[in-house]
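Trainee: Sharing a model that was predicted from the sequence below.
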Amino acid sequence: MSPRRFVSLRSFPGFSGVGVCLLLFLYLPLLVVVVYSFNANSIATVWTGFSVRWFEQVFASEPIRQALWNSLTVAAWSTATAVVVAVLAAVGFIGMRRRSSRFALALISAPLILPEIVLAIALLSLFAWVHVPLGIPAMILAHAVVGLPFALLPIHSRLAGADWTQFEAAADLGADEWRIFRRVTLPMLQPAIVSGAMLCFIVSMDNFVMSFFTSGPGSTTLPLYIWGALRVGLTPEINALSSLILIASIAVLVASHLLSRKKA
């Protein structure tokens, strides 16, 4: 049997140039934001020198600290809610038939493909119908809905590829279902749970649409603060704040990727 031959994309004319242009289109704006966050000029688009005073203003700003606290509160509670539901759902899928479990997984993963603004309007209508007041609690529920697929997919993937002999061995030794879940299932799922939780957390921290539709008085998050500040004009302070959010997001994503590759 002859070995497989793979086509090298580099052999196509212009592929390297198109690839470089695509990377520049995707990442050059982010680099510009980071560079101009160190601009000494108060006009964001006119470079006059290097300065870190805008980062100092970010850390000294009381509205930014309050927005950060609101973002962390919403992200923490929504992540906890989504992870608990994701673990229960992944375990519940095991007892379902394959077709039924696939259908349920597709329904829970729907927020990944549905337009977020449509989902936000639907949740806003639901909250109005059941008289849920807008604010932090409503934002937690909305962010949990969006973050649930990010928590469920790695957990479900790890559980689906598990070695079932360890569960059978635990049952043969007299362990009941709760003890198997606590001593075998949860430790095995720990890397996937942490990875999914990190993804869910960063999705909540960066979410604007859901926050915009479900926020109330005193519940301004960092994305909402940036949007409000941009209505006045782009400043180096906003660039500095955006750079900090970008660095934090990259760090969480890298950690999540490393944990997802970790074997139990």
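Mentor: That came through, no problem. None of the values given here were measured: they were computed from a predicted structure. Residues are numbered from 1 along each chain as shown.

Trainee: can you pull out the strands in the stretch 1-150 of the chain?
Mentor: In the stretch 1-150 of the chain, no strands are defined using DSSP state E, counting those that start in this stretch.

Trainee: tell me the mean pLDDT over stretch 42-49?
Mentor: Averaged over stretch 42-49, pLDDT sits at 74.

Trainee: gap between the nearest residue to residue 225 once chain neighbours are set aside and residue 224?
Mentor: The shortest distance from residue 225 to any non-neighbouring residue, by C-beta to C-beta, 6 or more residues apart in numbering, is to residue 67 (4.1 Å). All C-beta atoms are positioned from the backbone trio N, CA, C, and that covers glycine. Distance from residue 67 to residue 224, counting by C-beta to C-beta, to the nearest Å: 7 Å.

Trainee: Show me the shaky parts of the stretch 101-250 of the chain.
Mentor: Along the stretch 101-250 of the chain, the model assigns pLDDT under 70 to residues 161-168, 170-177.

Trainee: residues in contact with the closest residue to residue 39 other than its chain neighbours?
Mentor: Computed as C-beta to C-beta, 6+ apart, the closest residue to residue 39 that is not its neighbour in sequence is residue 236, at 5.0 Å. Residues near residue 236 by C-beta atoms under 8 Å, 6 or more residues apart in numbering: 36, 37, 39, 41, 42, 44, 54.

Trainee: How many residues are close by the second one?
Mentor: What that stands for is residue 37. Each residue near residue 37 was counted by other C-beta atoms under 10 Å, and the total is 23.

Trainee: Per-residue confidence, it, what does it come out as?
Mentor: 83.

Trainee: Quick check on it: phi, psi?
Mentor: Note on residue 37: backbone dihedrals following degrees, to the nearest 10 are phi -70, psi -20.

Trainee: Kindly report the same for the fifth one.
Mentor: Backbone torsions for residue 42, taken as degrees, to the nearest 10, come to phi -80, psi -10.

Trainee: Next one: it from residue 54, what distance?
Mentor: Taken as C-beta to C-beta, the span from residue 42 to residue 54 is 9 Å.

Trainee: Give me the secondary structure label for the residue nearest the centre of the chain.
Mentor: Nearest residue to the geometric centre of the chain (C-alpha atoms, centre = their mean): residue 203, 2.5 Å. Three-state call for residue 203 (DSSP: H, G, I helix; E, B strand; the rest coil): helix.

Trainee: Helices of this protein, residue ranges please.
Mentor: Assigned by DSSP state H, the helices in the chain fall at 15-36, 53-60, 62-94, 98-108, 116-129, 136-160, 165-172, 177-180, 186-206, 209-214, 222-230, 236-260.

Trainee: Packing partners of the longest one?
Mentor: Packed against helix 62-94 by the contact rule (3 or more C-beta pairs under 8 Å, 6 or more residues apart in numbering; DSSP states H and E) you find helix 98-108, helix 136-160, helix 186-206, helix 222-230.

Trainee: got the contact list for the last one?
Mentor: Read it as helix 222-230. When contacts are defined by C-beta under 8 Å, 6+ apart, helix 222-230 is touched by residues 63-64, 67-68, 71, 205-208, 211-212, 215, 220, 235, 237-238, 241-242, 245.

Trainee: just to revisit the earlier point, touching both of residue 42 and residue 54, which residues are there?
Mentor: Residues touching both residue 42 and residue 54 by C-beta under 8 Å, 6+ apart: 235, 236.

Trainee: Comparing these two, which shows the higher neighbour count?
Mentor: A count of neighbours by other C-beta under 10 Å puts residue 54 above the other of residue 42 and residue 54, at 22 against 12.

Trainee: got the contact list for that one?
Mentor: So residue 54 contacts 37, 38, 39, 235, 236, 237, 239, 240 (C-beta under 8 Å, 6+ apart).

Trainee: which of these are the two that sit furthest away from each other?
Mentor: With distances taken as C-beta to C-beta, the most widely separated pair in these is 38 and 235, at 13.3 Å.

Trainee: Done for today, thanks.
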